[in-house]
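>>> Quick check, what structure comes out for this input:
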Amino acid sequence: MNLARVVGTVWATRKNPALEHATLLVIQPVDLHDRPCGERLAAVDTRAALLGQLVFYVSSKEAALPLPGELVPVDATIVGIVDRLDEA
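Now for the predicted structure:
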């Protein structure tokens with residue numbers, strides 16, 4: 001799993017039918033110190049994340065697994081909202 005910050009919303013008038021009712025958000029991957037790292041991604045939101053929230057997401061084939069039904073063509077899926085991050 002990876003950390004990211006929600007930075008925007010994707011509005012798509014046409015998308016894969018399996019994603020018809022899915023919300024798509026723009027996320028910025030971040031490191032453990034909340035510094036941007038890597039390129040922004042469009043991610044399916046399965047947790048009703050809000051703009052500015054810290055989330056964790058999965059990518060690659062694992063991104064399709066949290067979604068119901070057959071495997072759908074997604075690159076990233078938000079699977080959790082981070083309430084607190086403690087470092088040892």
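>>> By residue count, which strand of this structure is the longest?
The residue-count maximum for a strand in the chain (DSSP state E) belongs to strand 2-10.
>>> Show me the contact partners of it.
The contact list for strand 2-10 (C-beta atoms under 8 Å, 6 or more residues apart in numbering) reads 23-32, 34, 36, 40-43, 49-59, 78, 82, 85. C-beta here means a position set from N, CA and C on the backbone, and glycine is covered the same way.
>>> Mind checking which of these are buried?
Buried members of these, scored by 16 or more other C-beta atoms under 10 Å, are 24-30, 41, 43, 49, 53-55, 57-58, 78.
>>> Provide the strand pairings for the longest strand of the chain, with the direction of each partner.
strand 23-29 (antiparallel), strand 54-59 (antiparallel) (DSSP bridges).
>>> For the ones you listed, please prepare TSV with the additional fields mean pLDDT.
Listed next are the strands paired with strand 2-10 as TSV, based on pLDDT from 0 to 100:
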stretch	mean pLDDT
strand 23-29	97
strand 54-59	96
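>>> Identify whichever of those strands lies nearest to residue 72.
Closest to residue 72 of these is strand 23-29 (C-beta to C-beta; 12.0 Å).
>>> Can you give me the neighbour number for residue 1?
Residues lying near residue 1 (other C-beta atoms under 10 Å) number 10.
>>> tell me the pLDDT at it?
Listed pLDDT for residue 1 reads 86.
>>> next one: residue 15
We have a pLDDT of 87 for residue 15.
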